[in-house]
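*Asks:* Sequence first, predicted model second:
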Amino acid sequence: MTHVPSEDSHKIQVSTAKSPPPNSKRTIAHELESMETSARPSRCRETNGGPAGPCNPWTGKPFSSLYYQLEEKRRALPVFQERERIVEIVKRNRVVVLQGETGSGKTTQVPRLLLEAGFQRIACTQPRRIAAVSVATRVAHEMDVRLGELVGYTIRFEDVSHPKLTRLKYVTDGMLLREAFQDDRLSRYDCIILDEAHERTLSTDVLMGLLKGILKQRPELHMVVMSATLERDHFCTYFDHAPLLNVSGRMHPVDIRFAERPVFDYLFAVEQQVRQIHENEPAGDVLIFLTGEEEIEDMCSRLRHYSRATARKHGAPLQVLPLYSALPMSVQERVFEPPRPPEARKVIVATNVAETSITIDGITYVIDPGFAKVKIYNPSTRVESLLVSPISQDSARQRAGRAGRTRPGICYRLYTEEAFRTELPARSHPEILRSNLCNVVLTLKKLGIHDLIHFDFMDPPAPDTMIRALEMLFYLGAVDEEVELTQLGRQMAEFPLDIQIARMLLESPRHGSSNEAITLAAMLSVPNVFLRPRQQADEADARKQRFVVSDSDHATLVRVFEAFMDHGCDRQWCAENYLNDRALMHAVNIRRQLELMMQRMGLRICSPGRRAPDRWIRLRRCVLEGFFSQTAFWMRRRDYLTIRDEQLVGLHPSSVIRHRPSWVVFHEFVLTTGSYIRTVSQIEPKWLFELPTKYYDLLEYKEGASRRALELAARLTGQRRSAAP
Ligand code: CDP
Ligand code: MG
């Protein structure tokens with residue numbers, strides 16, 4: 001360990017100590033005893049005449065054999081080797097920025113070390129749900145304690161922590177922000193760690209601003225900002241020149257191989273690359289970065305097919321494993337386990353969760369097509385959408401780094417070197433600069449922060465985006481004309497949901513249909529439930545027909561959920577109907593929680609009954625209550641025009657709607673080969689004028705297609721509210 005003073009006296013450079021990791025049980029047990037921490041193990045009493053071994057200070061029980069295995073690994077991590085330095089600097093400073101290579105042990109080790117050093121209650125944020133769960137599980141194993149007691153996690157709709165027992169909690173950044181609703185100084189915690197800060201998610205950025213204020217009010221609070229890359233000076237400056245601690249890990253060289261010419265079908269190219277590796281390169285696992293669940297599952301089935309077809313010829317088979325957040329924990333964990341069969345080559349097909357949030361050991365080959373799904377927001381059209389976009393050069397470097405963790409590796413970039421230099425941005429924009437800020441503004445308001453324009457954001461969003469968000473909150477009834485939060489707005493913020501879905505729920509009792517609306521909210525919160533395997537697409541479409549409500553994708557979702565319940569949540573039934581049983585199970589769980597929340601707020605749970613002829617009309621009206629700003633009317637040719645921002649869009653091919661209703665409400669806007677609206681319901685234009693919002697006041701519209709369409713609708717439905725002269 002060396003301390004290198006530099007021009008910038010705040011920077012402390014620490015390099016990894018070269019002492020070999022202890023490699024026997026005795027050494028570890030011995031060392032454990034000599035560690036000066038509050039968690040010093042004591043000796044367990046002799047049992048059954050056996051010798052007394054060291055015992056877990058947290059549980060008072062002897063350590064399990066898994067403990068010793070994991071202990072050996074963690075002791076070799078760069079962060080562990082720097083533990084004294086890290087603990088000392090955190091104790092001596094209010095805010096510390098810790099930068100370390102992915103896999104150096106930041107997430108798993110730092111929180112625990114601080115706990116052992118005497119901090120009482122620690123929160124460690126994660127931008128991704130899957131990482132929070134995976135890391136909490138790992139740390140509980142490493143500490144040999146039961147998950148949900150001393151170590152726990154909280155993600156949306158899933159709280160595996162104990163209000164008293166949990167002292168180290170991994171929590172998504174969004175959920176920690178919500179904790180501040182109840183406890184605006186986060187006074188439960190004496191140490192807050194913002195992990196993966198380089199990702200610059202919306203919630204992490206808001207938390208940083210919030211915590212900067214809290215630090216002034218709570219002199220005993222300590223904070224650590226952890227980042228895998230760069231921007232660290234940015235963090236130090238933002239936190240009033242906080243010291244920077246750099247833990248350098250051991251990295252092996254990675255040979256970068258660019259494509260020689262542009263690749264047009266990257267999925268095909270990925271498959272070819274895997275074959276090439278498997279048939280020509282020495283043993284070593286493969287990590288592939290793709291953009292989302294569907295693409296990943298598709299690739300997995302292609303690769304499994306290849307493996308089955310050629311296993312005999314090439315000796316070892318492939319073990320193909322997907323990794324994305326919608327997978328259940330038991331499946332996710334398989335990526336960390338040794339291959340099955342042992343001689344197999346593991347091929348992990350992941351989203352960019354594997355870029356920095358989750359480290360998998362043993363990867364030697366990385367295949368990087370250069371794309372990720374990115375949220376893009378266009379404030380002038382108010383459209384937020386997920387777009388498959390080129391990654392940044394920073395991300396590309398991180399991805400390549402995954403190949404050199406345990407030994408030298410190769411990264412295959414499926415784009416040319418020239419594309420890397422000229423087409424990939426150096427780094428990606430923070431999410432706050434490319435988001436619809438409605439939820440953020442509502443959150444800040446709920447936290448009692450009124451001066452939004454001067455809130456201390458690391459990268460302040462354009463005032464225009466803020467104003468548009470406030471305007472939308474006004475239309476939604478969340479703030480009044482004085483920009484004060486209304487009762488409705490306060491309730492909306494209570495739900496861990498998009499504000500539009502929250503409003504749909506809050507207004508649903510008025511339409512006598514809260515039961516259906518809750519089901520719909522749950523279904524909209526899980527991944528797509530309809531499976532459509534390429535080879536059985538026709539069969540899958542035919543099965544889907546059984547659930548179709550012909551004028552509403554929303555109602556169709558509710559019907560699927562109800563049928564799932566009627567069939568006792570049966571997996572076999574799901575398989576027969578091409579439905580994703582895991583997503584449906586998740587929806588059941590979410591639905592239960594939302595219903596409880598509604599009851600606690602004193603909202604009526606009601607339904608017109610399954611046979612009521614107006615059942616789906618009521619539901620469609622509920623949808624409109626939340627999503628009134630997302631309507632579109634039919635233009636003569638093939639397309640719809642969205643209201644106000646007047647984008648030409650088509651009905652997404654997955655929609656159940658086959659006729660062309662003159663007005664529709666939609667859940668999302670997607671850009672793929674064209675512009676589409678997805679999850680759509682027919683609406684009656686007269687409902688627009690009956691909404692408790694000024695959004696459809698004709699005075700709000702300039703001359704143009706939207707205004708003409710509304711005027712026509714008003715005339716046809718005999719509306720008096722028409723403001724036309
Ligand atoms: O946060 P950082 O990227 O610095 O590293 P980490 O997530 O703390 O991971 C340290 C080590 O723990 C890596 O070698 C991982 O492979 C291992 N780990 C694991 O095996 N299983 C997990 N669920 C999490 C981490
Ligand atoms: Mg980490």
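*Replies:* Structure's in. What do you need? Ligands and ions are numbered 1, 2, ... in the order given.

*Asks:* From now on I want contacts and neighbour counts done on CA atoms only, so please keep to that.
*Replies:* OK.

*Asks:* Give me the residues contacting the helix ranked longest in the chain.
*Replies:* The longest helix of the chain (DSSP state H) is helix 293-314. The contact list for helix 293-314, computed with Cα atoms under 8 Å, 6 or more residues apart in numbering, reads 267, 271, 278-279, 290, 317-322, 324, 326, 349-351, 533.

*Asks:* Report the buried residues of that helix.
*Replies:* E293, I296, E297, M299, C300, L303, R304, Y306, S307, T310 (16 or more other Cα atoms under 10 Å).

*Asks:* how close does the fifth one sit to A583?
*Replies:* From C300 over to A583 the distance is 19 Å, taken as Cα to Cα, to the nearest Å.

*Asks:* and stretch 573-584, C-alpha only, in CSV?
*Replies:* Extracted C-alpha coordinates of stretch 573-584, given in CSV (Å, rounded to 0.1, in the frame of the first residue of the first chain):
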residue,chain,number,x,y,z
TRP,A,573,-51.4,-24.2,-18.4
CYS,A,574,-49.1,-21.3,-19.1
ALA,A,575,-46.9,-23.3,-21.3
GLU,A,576,-49.9,-24.6,-23.3
ASN,A,577,-51.0,-21.0,-23.8
TYR,A,578,-47.7,-19.5,-24.6
LEU,A,579,-47.7,-17.3,-21.5
ASN,A,580,-44.8,-16.3,-19.3
ASP,A,581,-45.6,-17.9,-15.9
ARG,A,582,-42.9,-16.1,-14.0
ALA,A,583,-44.1,-12.7,-15.2
LEU,A,584,-47.7,-13.7,-14.2
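
*Asks:* and the stretch 51-200 of the chain, which of its residues are near ligand 1?
*Replies:* Within the stretch 51-200 of the chain, the positions near ligand 1 by Cα under 6 Å from any ligand atom are E101, T102, G103, S104, G105, K106, T107, T108, Q109, S134, V135, R138.

*Asks:* possible to save those residues as CSV with pLDDT?
*Replies:* What follows is those, written out as CSV (pLDDT from 0 to 100):
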residue, pLDDT
E101, 86
T102, 87
G103, 88
S104, 92
G105, 94
K106, 95
T107, 97
T108, 97
Q109, 98
S134, 92
V135, 95
R138, 95
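
*Asks:* Show me how this protein divides into domains.
*Replies:* Here the domain parsing of the chain from the TED database is 62-247, 254-429, 437-613, 629-716.

*Asks:* For stretch 119-131, what does the pLDDT average out to?
*Replies:* Across stretch 119-131, the average pLDDT comes to 95.

*Asks:* which among the contacts of helix 293-314 end up buried?
*Replies:* Buried members of these, scored by 16+ other Cα under 10 Å, are 267, 271, 278, 290, 317-322, 324, 349-351.

*Asks:* in the stretch 51-200 of the chain, which ranges drop under the pLDDT threshold?
*Replies:* Counting by pLDDT under 70, the stretch 51-200 of the chain shows low-confidence ranges at 51-52.

*Asks:* go again using 90 as the cut-off
*Replies:* 51-54, 101-103, 130 (pLDDT under 90).

*Asks:* can you give me the strands for it?
*Replies:* Using DSSP state E, counting those that start in this stretch, the strands of the stretch 51-200 of the chain run over 54-55, 95-100, 122-126, 151-155, 158-160, 168-172, 191-194.

*Asks:* Kindly reformat those as TSV containing mean neighbour count.
*Replies:* Listed next are the strands of the stretch 51-200 of the chain as TSV, based on neighbours: other Cα atoms under 10 Å:
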stretch	mean neighbour count
strand 54-55	22
strand 95-100	24
strand 122-126	28
strand 151-155	25
strand 158-160	15
strand 168-172	29
strand 191-194	24
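
*Asks:* Let's have those in JSON lines, adding distance to H222.
*Replies:* Shown next, in JSON lines, are the strands of the stretch 51-200 of the chain (distance: least, Cα to Cα, whole Å):
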{"stretch": "strand 54-55", "distance to H222": "30"}
{"stretch": "strand 95-100", "distance to H222": "6"}
{"stretch": "strand 122-126", "distance to H222": "10"}
{"stretch": "strand 151-155", "distance to H222": "19"}
{"stretch": "strand 158-160", "distance to H222": "24"}
{"stretch": "strand 168-172", "distance to H222": "14"}
{"stretch": "strand 191-194", "distance to H222": "5"}
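
*Asks:* So for K73, which of those strands sits nearest?
*Replies:* For K73, the closest of the strands of the stretch 51-200 of the chain is strand 95-100, at 17.5 Å, according to Cα to Cα.

*Asks:* that older thread, put together CSV for the residues of the stretch 51-200 of the chain next to ligand 1, with neighbour count on each row.
*Replies:* Below are those laid out as CSV (neighbours: other Cα under 10 Å):
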residue, neighbour count
E101, 22
T102, 23
G103, 24
S104, 24
G105, 21
K106, 24
T107, 28
T108, 22
Q109, 20
S134, 17
V135, 19
R138, 17
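
*Asks:* quick revisit: now intersect the contacts of helix 293-314 with the strands, please.
*Replies:* Cross-referencing those against strands under DSSP state E gives L318, Q319, V320, L321, P322, V349, A350.

*Asks:* Quick one: name whatever helix or strand follows the host helix or strand of E384.
*Replies:* Per DSSP states H and E, E384 falls inside strand 383-390. The helix or strand immediately downstream of strand 383-390 is helix 393-401, counting by DSSP H and E.

*Asks:* Residues contacting the helix or strand following that following helix, please?
*Replies:* Using DSSP H and E, the next helix or strand after helix 393-401 towards the C-terminus is strand 409-413. The contact list for strand 409-413, computed with Cα under 8 Å, 6+ apart, reads 252-259, 363-370, 400, 403-404.

*Asks:* Stretch 88-104 now?
*Replies:* 77-79, 106, 215, 221-229, 232, 235-236, 239, 242-249, 356-359, 405.

*Asks:* Would you mind writing the PyMOL command to select the buried ones in the residues you listed?
*Replies:* For the buried members of the contacts of stretch 88-104, the matching PyMOL selection, counting by 16+ other Cα under 10 Å, is:
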select buried, resi 77+78+79+106+215+221+222+223+224+225+226+227+228+229+232+235+236+239+242+243+244+245+246+247+248+249+356+357+358+359+405
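
*Asks:* Which of the contacts of stretch 88-104 fall within strands?
*Replies:* Using DSSP E, the contacts of stretch 88-104 in strands are H222, M223, V224, V225, M226, S227, L244, L245, N246, V247.

*Asks:* For those, give me TSV that also has pLDDT and distance to L70.
*Replies:* Shown next, in TSV, are the ones in strands among the contacts of stretch 88-104 (pLDDT from 0 to 100; distance: Cα to Cα, whole Å):
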residue	pLDDT	distance to L70
H222	98	28
M223	98	27
V224	97	25
V225	96	26
M226	95	23
S227	90	24
L244	92	29
L245	92	25
N246	90	24
V247	90	21
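
*Asks:* surely M251 meets R402?
*Replies:* No: with contacts counted by Cα atoms under 8 Å, M251 stays clear of R402, the gap being 9.5 Å.

*Asks:* So which of the residues of the stretch 51-200 of the chain next to ligand 1 belong to helices?
*Replies:* Counting by DSSP H, the part of those found in helices is K106, T107, T108, Q109, S134, V135, R138.

*Asks:* Write out the residues of the stretch 251-400 of the chain neighbouring ligand 1.
*Replies:* Within reach of ligand 1 by Cα under 6 Å from any ligand atom, the stretch 251-400 of the chain has these residues: F336, I358, T359, I360, D361.

*Asks:* with the buried ones among the contacts of helix 293-314 in mind, which one is nearest to R592?
*Replies:* Top of the list for closeness to R592, among the buried ones among the contacts of helix 293-314 and by Cα to Cα, is Y324 at 24.4 Å.

*Asks:* and the helix or strand where G626 lies, how far from the chain's centre?
*Replies:* Counting by DSSP H and E, the element that carries G626 is helix 615-627. Distance of helix 615-627 from its chain centroid, counting by Cα atoms, centre = their mean, to the nearest Å, is 28 Å.

*Asks:* what does the average pLDDT come to for it?
*Replies:* Mean pLDDT, helix 615-627: 98.

*Asks:* helices or strands up against it?
*Replies:* The helices and strands touching helix 615-627, judged by 3 or more Cα pairs under 8 Å, 6 or more residues apart in numbering; DSSP states H and E, are helix 499-507, helix 514-524, helix 553-566, strand 663-671.
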